[in-house]
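Visitor: test case, fold it:
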Amino acid sequence: MITIAVDCMGGDYGPGVTLPACRKFLDSHADAQLLLVGLPQSLSEFVHPRAKTVAASEVVGMSDSLEVALRRKKNSSMRVAIEQVKSGAAQAAVSAGNTAALMAISRYLLKTLDGIDRPAIAGQIPNAKGEATTVLDMGANVDCSAEHLLQFAMMGSALVSVLSGNDNPTVGLLNIGEEAIKGNDVIKKAGELLRAAANSGDLNFYGNIEGNDIFKGTVDIVVCDGFVGNVALKASEGLATMIVNFLKVEFSRNIVTKTAALAAYPVIAALKKRMDHRRYNGGALLGLRGLVFKSHGSADPVAFEYALLRAYDAAKHNLLDRVQSRIAHVASLIAGTVSSS
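Guide: Got it, this is the predicted structure:
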């Protein structure tokens, strides 16, 4: 039985989104149970044989500072959910709350795995192949060293091997060009480390890639710092929304376009599904001594259910063990990383 702790109060909509998603998830996964964490009065109407309520008296707001989230709200639904993972009551936690607070609380309570200096957020962006490209970091670390990028590559490889069943996923280093001589000093050194890991058989390094390769699906995993990764994520979501809205407007202009829309409906529906970013919701906070997944704050029930599914798959397929194993193999390459950086 896979047990997931859910911060039911997090996100823009709280229980209005999280509870319907939890019910649907439970109905489709007989080997899962949920610990619903939140204000008791907000969860009192939810009844399911494989769901248990865990009380919390506070909620971390989307605009709360790290000081408030970490030091003052010690009984928040976010923190209590992560404590369930720390105590072993749950194998994973899911929250749609404040990203910075979630990362800070998770790192404080769970600590990082041996060989990991900074946890990273790994998310997925739909690509032209009808699949998804895993990108990390997506916002946890704005400034990264070359060693950090190597760690991200190893953790991302473990994640993709769990989600896709591909034990040898390809890794690309995001750069301003494919040539090894391009990029700043950090990127050049990261390329050297990634090539060394590839030469020792610990990583399937494709080489440098450019931004358009994310959407082409050139590689399975793209490694970059959190600033670039977050921009790429938001840009992809904005592009998908723009295309879908454009089609809606164009096909509703007059009787001719409406007729054309009816004829093209199967193609339009397939395109809309492929670009629906809700299907890729649920970023993994990799590098911690426990599984934590971040849902978009604006997620609807469909999107939040996908975040629950990501956590379920990670727990079921022992993602933590896989990450630790891969990092151990490249310990000598990342030995120069300063743990306090």
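Visitor: which intervals of the stretch 101-250 of the chain have sub-threshold pLDDT?
Guide: Along the stretch 101-250 of the chain, the parts satisfying pLDDT under 70 run over 240, 244, 247, 250.
Visitor: all helices of it, in order?
Guide: Listed in chain order, the helices of the stretch 101-250 of the chain (DSSP state H, counting those that start in this stretch) span 146-164, 185-199, 211-216, 226-250.
Visitor: packed most tightly, which of these would that be?
Guide: Most buried of the helices of the stretch 101-250 of the chain by mean neighbour count (mean count of other Cβ atoms under 10 Å) is helix 146-164; its value is a mean of 25. All C-beta atoms are positioned from the backbone trio N, CA, C, and that covers glycine.
Visitor: give me the neighbour count for the closest residue to residue 324 other than its chain neighbours.
Guide: Of all residues not flanking residue 324 in the chain, residue 113 sits nearest, at 5.5 Å (Cβ to Cβ, 6 or more residues apart in numbering). Around residue 113 there are 19 other residues, counting by other Cβ atoms under 10 Å.
Visitor: what of residue 76?
Guide: Neighbours around residue 76, by other Cβ under 10 Å: 29.
Visitor: cool, the one 4 residues further on as well?
Guide: Neighbour count for residue 80, taken as other Cβ under 10 Å: 22.
Visitor: element containing it, please.
Guide: Per DSSP states H and E: residue 80 is located in helix 77-87.
Visitor: and that helix, what does it pack against?
Guide: Applying 3 or more Cβ pairs under 8 Å, 6 or more residues apart in numbering; DSSP states H and E, we find helix 77-87 packed against strand 2-7, strand 32-38, strand 51-55, strand 92-95, helix 99-110, strand 291-294.
Visitor: picking up where we left off before, my read: the residue nearest to residue 324 touches residue 287, true?
Guide: Yes. The criterion here is Cβ atoms under 8 Å, and residue 113 meets it with residue 287 at 5.8 Å.
Visitor: which neighbours do those two share?
Guide: Common neighbours of residue 113 and residue 287 (criterion: Cβ atoms under 8 Å, 6 or more residues apart in numbering): residue 323.
Visitor: contacting residues around residue 92?
Guide: 2, 4, 5, 85, 290, 291, 292, 293, 311, 312, 314, 315.
Visitor: let's see 6 Å
Guide: Applying Cβ atoms under 6 Å, 6 or more residues apart in numbering, we find residue 92 in contact with 4, 291, 311, 315.
Visitor: in contact with the third one, which residues?
Guide: Counting by Cβ under 6 Å, 6+ apart, residue 311 touches 4, 92, 94, 293.
Visitor: how far away is the residue nearest to residue 196 when sequence neighbours are not counted from residue 94?
Guide: Spatial nearest neighbour of residue 196, excluding adjacent residues (Cβ to Cβ, 6+ apart): residue 333 at 5.8 Å. Counting by Cβ to Cβ, to the nearest Å, the gap from residue 333 to residue 94 is 32 Å.
Visitor: how far does stretch 65-73 stretch from start to finish?
Guide: From its first residue to its last, stretch 65-73 covers 11 Å (Cα to Cα, to the nearest Å).
Visitor: how about residues contacting the helix holding residue 80?
Guide: So helix 77-87 is contacted by 5, 7, 9-10, 35, 37-38, 56, 59-60, 90, 93, 95, 97, 105-106, 109-110, 290 (Cβ under 6 Å, 6+ apart).
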